[in-house]
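Asks: Pasting a predicted model and its sequence here:
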Amino acid sequence: MPPTGKPLSPGDVIKARFPYSNPPKFKYLLAVCVTSQLFMVISSNPYKFAPADSQIEAFQGELECLEHDSWVDGKALYEIPVGAIRSAVESGDVWRPESSLIERIKRRVGESRHLPGSQIKMVLANL
């Protein structure tokens with residue numbers, strides 16, 4: 001179910017509650033598939049338990065909401081509850097990254113050994 005208000009598009013970044021961190025906290029999330037609510041998480045630092053080649057640098061100048069260079073976790077897609085997506089969109093917490101970041105994500109995901117083939121295809125087709 002898509003959020004209300006301005007439609008969210010693949011590649012958009014929202015700030016929403018990320019239920020998979022312990023404890024759950026607000027994170028920047030990059031939309032990969034809006035209808036399936038699948039997102040990539042953006043963190044301040046590379047995820048230390050992930051393979052280094054799955055972490056994609058996001059430079060501050062490529063995404064307006066970032067306060068410093070950050071990292072896109074390219075090893076997993078996460079299903080985000082529609083209520084969290086809707087809340088972010090209605091609050092205006094939506095940004096569009098520069099094409100350089102999207103292209104870097106696509107390149108790294110295309111080379112990925114960490115995502116299932118179907119998710120690699122989804123990222124490449126949607127972003």
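Replies: Sure thing, it's come through. Being a predicted model, the structure only gives us computed values, none of them experimental.
Asks: Find the centremost residue of the chain, please.
Replies: The residue lying closest to the centre of the chain (C-alpha atoms, centre = their mean) is residue 30, at 2.2 Å.
Asks: which SS class is that residue?
Replies: What DSSP: H, G, I helix; E, B strand; the rest coil gives for residue 30 is strand.
Asks: ditto for residue 65
Replies: Under three-state DSSP, residue 65 comes out as coil.
Asks: Quick one: list the elements packing against the top helix by length along the chain.
Replies: In the chain, with assignment by DSSP state H, the single longest helix is helix 99-110. When contacts are defined as 3 or more C-beta pairs under 8 Å, 6 or more residues apart in numbering; DSSP states H and E, helix 99-110 sits against strand 55-58, helix 117-126. Backbone N, C-alpha and C define where each C-beta goes, glycine included.
Asks: one step back: what sits opposite the residue nearest to the centre of the chain in the beta ladder?
Replies: residue 13, residue 40 (DSSP bridges).
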